[in-house]
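In: structure for this input, please:
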Amino acid sequence: MADARGRPVRLGLSAGQRHDAPQALPLLGELAPAYLIADRGYDSDPFVTVLAARGTHAVIPPRRKRRHPRAYEVARYAQRHPVERLFSRLKQFRRVATRYDKLDAHFLAFIQLAATVLWLRDC
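Out: As a prediction, this is how the structure comes out:
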């Protein structure tokens, strides 16, 4: 999860073969942002309903095969690029891109270290 400037706010690690959508709500925790911008993979009615109950407006494009597509703010969705750049910047660290660490705890610790370096560069 990243803020509007593309700086990491919360990080989590999931299994590589698992989808990221089930991790979204635990990663949000008690945070209640005004808007949540995500890609099509997060378009599910239960997820959007939980976000609405928290007072968060979901800016998620509907899946292509959805019978009744939801409306979303296209202009606000275009502001997703700082988050995409964050992943690109994290992958500039060779140890993150190649996953040298065998243990999940070590890999997550290095991602957190890399995220700290990115925060310090932005200051």
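In: now for the chain, the helix or strand with the poorest mean pLDDT.
Out: Scoring the helices and strands of the chain by mean pLDDT, DSSP states H and E places helix 24-28 at the bottom, with a mean of 82.
In: neighbouring contacts of that helix?
Out: Under the contact criterion C-beta atoms under 8 Å, 6 or more residues apart in numbering, helix 24-28 has outside partners Met1, Arg10, Gly12, Leu36, Ala38, Tyr42, Phe47, Val50. For the C-beta atoms, the positions are set from N, CA and C on the backbone; glycine is no exception.
In: contact partners for the nearest residue to Arg70 once chain neighbours are set aside?
Out: In space, and not counting its chain neighbours, Arg70 is closest to Pro62: 5.1 Å by C-beta to C-beta, 6 or more residues apart in numbering. The neighbourhood of Pro62, defined by C-beta under 8 Å, 6+ apart, consists of Arg40, Asp43, Pro69, Arg70, Tyr72.
In: show me which of those are buried.
Out: Buried members of these, scored by 16 or more other C-beta atoms under 10 Å, are Asp43, Tyr72.
In: please report how far the closest residue to His57 other than its chain neighbours lies from Leu13.
Out: Excluding its sequence neighbours, the residue lying closest to His57 (C-beta to C-beta, 6+ apart) is Tyr35, at 5.1 Å. Taking C-beta to C-beta, to the nearest Å as the measure, Tyr35 falls 25 Å from Leu13.
In: related to what we said a few turns ago, isn't the residue nearest to His57 right up against Thr56?
Out: Yes - counting by C-beta atoms under 8 Å, Tyr35 does reach Thr56; the two are 6.9 Å apart.
In: out of these two, which sits in the busier spot?
Out: Thr56 (17 against 14; other C-beta atoms under 10 Å).
In: partner residues bridging Ala2?
Out: Pro8 (DSSP bridges).
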